[in-house]
Structures are given as structure tokens and as C-alpha cells.
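Colleague: Mind folding the following:
(4 chains)
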Protein chains: 2
Amino acid sequence: MTRSPDVPPVAVEDLADAVRLLRERGLRLSTARRLVLETLLAADGPLSAEQVASDLRLDLTSVYRNLETLEQCGLVRHVHLGHGPGLYTLVGRGEHEYLVCDSCGAVRVLAPGELDAVREGVRRQFGYEVRFGHFPMVGKCPDCSDRAR
Amino acid sequence: MTRSPDVPPVAVEDLADAVRLLRERGLRLSTARRLVLETLLAADGPLSAEQVASDLRLDLTSVYRNLETLEQCGLVRHVHLGHGPGLYTLVGRGEHEYLVCDSCGAVRVLAPGELDAVREGVRRQFGYEVRFGHFPMVGKCPDCSDRAR
DNA sequence: GTACATGCAAACGTTTTGCAGCGAA
DNA sequence: TTCGCTGCAAAACGTTTGCATGTAC
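Modeller: Now for the predicted structure:
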């Protein structure tokens, strides 16, 4: 889904932070869940469920269920950079917005705030508060735009 | 894929237009292909391959292959409005840009040119020529933004 | 007659569901 | 001692591929 969970996003600093949040919802810290959280905390970019599972030798199903649970808690988000698997990050940790070129496939990772002017424009014009962290902006990069002429 | 075909998009007015284009590439107008084209010409919004196939009682595979071929020719595009199947339209016919709310799921269909200011902003800042017809802009609609306060 | 296109079957990659048993609280 | 969580198996979903047959040109 494009649908985000009905809870506000929460940026978590460390495992203890995350555990607190889980506890508030009556959720446990199983070994698998701890490992998934540690992996996401250590990651410097978004990871697929498959990557997480095989790194940790965990069952893929279990990883998907944990990512889903964490996403439901507002701790995790996923992005679709193309037609491959969804890529997961902790909120505020390796989470980015993206600009991808549909000609050459180049992915430009944007710095936090780099899209604020765009976001503000959209907000003024449409009232929507947009984010390009679930679906990237898609277009032609400068090189490919030139090449098209 | 996020990848678009290596040909410029072509807006087609009627079946004859489309056939001309196909001919130029040595492609044929089979019964199935004609039906797919007619369906897209008659549609007022984007359609999934499944919808096209079951409306026409055509094999799903064949519909996918035709949509792919037509997309390769620059006649067709598809959009991903969420996690469901891709939705296909003729270029310039039911093709739009989209703004979707990730809280309530509302899809706002944008008029042609409505995003030109945003597009221009992105072009100036990043040099990218963006389009929100493959992936929509995702965010919170005014109502859901308010509710979050 | 020559390909291109078709239908059917089977596979694909990603994600979800069902279920019996394990283990965190 | 609960009941949330696990692994495994199987299915669901959208999409693609292989192949023998059919058909537009």
C-alpha cells in the first residue's frame, strides 16, 4: 500500500528507545525482533526484507512480519525505488527522499530539507504535505534531458 | 520498472494513428491488439491489465505483452497508484499526474499543467524534468494534515 | 510463406496467510 | 502461564517466460 500507519512517525535513537515504544503497545522484544532493529540501526541505507533475513539467517516471513509491526508503530518506513522489493529504514535513520531518472536509472539521494522549497510550493498550491520517501520523484536527469534534444 | 522506453511519448488520436505508428516499426494489428487499443481509446481513466483482459475475454498474458509493446512504442504509459497492479493509459488520453493521500487514500487527479510550477521549481533546483504520472506525489491531504494536529 | 502474435501452462519475485510449537513477560 | 512471536509450508499476487499454434501481412 501507499497507506501509512495511523500513528505519527517516531525517530528512534537506539534499541532502548525502540523497546520503550514496543512496550507501550504490549509488544515483546524477541530475539528476531531485536536483531532486525539492530540491523536497521546499523544500516546506512534502506534494506530489503530479503537482505535483512539472509544477513541474520532469520526466516523471511518473520522479517516481513517484524518490519510490518515496526512500520505500524511508526518506527519504520519503506520506499519503492523501482520495480524491485520494498526497501526498509528506521524513521530518521537512513531514511531519505529520492529523485530518480527514468532514462538512465540514476538515483539521486536528497539531503534532508533539500526538497523543502518544493514541499512548500505543493503545500501552498494544494494543501498537501508531501514526502518523496515512499515513491521517489521520477523524471529525466540533466544528462538524459539534454540527450533527448 | 521505473524505466521509460527509449522513444519519445506519442499522443494518438484514433486507431488509424496508432496503426501508422505500429507499421513504422514492422508491428502488426492483430485482433487482440486492436481490441486493447480500442479499449484504451474509449477509457476515461487508467486500466489494469486484468481489467482489459477480462473485459475483452483476452488472455492476460497477451494483454500484458500488448501493453508492453505499446509502451515501448511510446503510445502507452502506466502508473502505480499504490501497491496494486499497474494502471495503463494511452499517452495523452486518460493520462494524468496524481497527488495521493497516504492517510485516507484519496487520489487527486491533477489537470494538465497544474504541476508546472512545481516541475519548474524542481528543474531549476536539480535540473531534472519530473513527471508525477508514473509514481504519484504522496503526502497528507489537507484534512488528514489537520487531523494530525 | 514468413514472422509476428496468440493462448495456455508454468515460472517468477515479492509478500501474505495458516498453523503448530516456542519463548518472553 | 499466557499469548506474542517464531519457523516452515503453502498460497496469493502481479507479472514474465517458453512453447506450439495461429494469423496478419
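Colleague: rest of the way, CA atoms for contacts and neighbours
Modeller: Fine.
Colleague: Off-centre distance for the helix or strand of chain A with the lowest mean pLDDT?
Modeller: Using mean pLDDT, DSSP states H and E, helix A:142-147 stands out as the lowest-scoring helix or strand of chain A, at a mean of 91. Distance, stretch centre to chain centre, for helix A:142-147: 28 Å (CA atoms, centre = their mean, to the nearest Å).
Colleague: Show me which residues of chain A are close to DNA strand C?
Modeller: Residues of chain A lying close to DNA strand C (CA under 7 Å from any atom of the strand) are A:28-31, A:48-49, A:60-61, A:64-65, A:68, A:84-86.
Colleague: Those: which two are farthest apart?
Modeller: Farthest-apart pair in the residues of chain A next to DNA strand C is A:R28 and A:G84; separation 30.6 Å (CA to CA).
Colleague: if we can go back for a sec, could I get the buried residue list for the least confident helix or strand of chain A?
Modeller: For helix A:142-147, burial by neighbour count (16 or more other CA atoms under 10 Å in any protein chain shown) applies to A:C144.
Colleague: next one: stretch A:20-31
Modeller: The neighbour-count criterion (16+ other CA under 10 Å) identifies A:21-22 as the buried residues of stretch A:20-31.
Colleague: Any residue of it touching DNA strand D?
Modeller: Yes. Legend: contact between stretch A:20-31 and DNA strand D by CA under 7 Å from any atom of the strand is shown at A:26-31.
Colleague: Over to stretch A:45-62?
Modeller: Yes. Stretch A:45-62 is in contact with DNA strand D by CA under 7 Å from any atom of the strand, via A:58-62.
Colleague: Buried among the residues you listed? Make that a ChimeraX selection.
Modeller: Entered in ChimeraX, the line below selects the buried ones among these, by 16+ other CA under 10 Å:
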select /A:58,60
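Colleague: Counting only helices, which of the residues of stretch A:45-62 next to DNA strand D make the cut?
Modeller: A:60-62 (DSSP state H).
Colleague: In JSON lines, list the residues you listed along with distance to A:D143.
Modeller: Converted to JSON lines, those look like this (distance: CA to CA, whole Å):
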{"residue": "A:L60", "distance to A:D143": "39"}
{"residue": "A:T61", "distance to A:D143": "41"}
{"residue": "A:S62", "distance to A:D143": "42"}
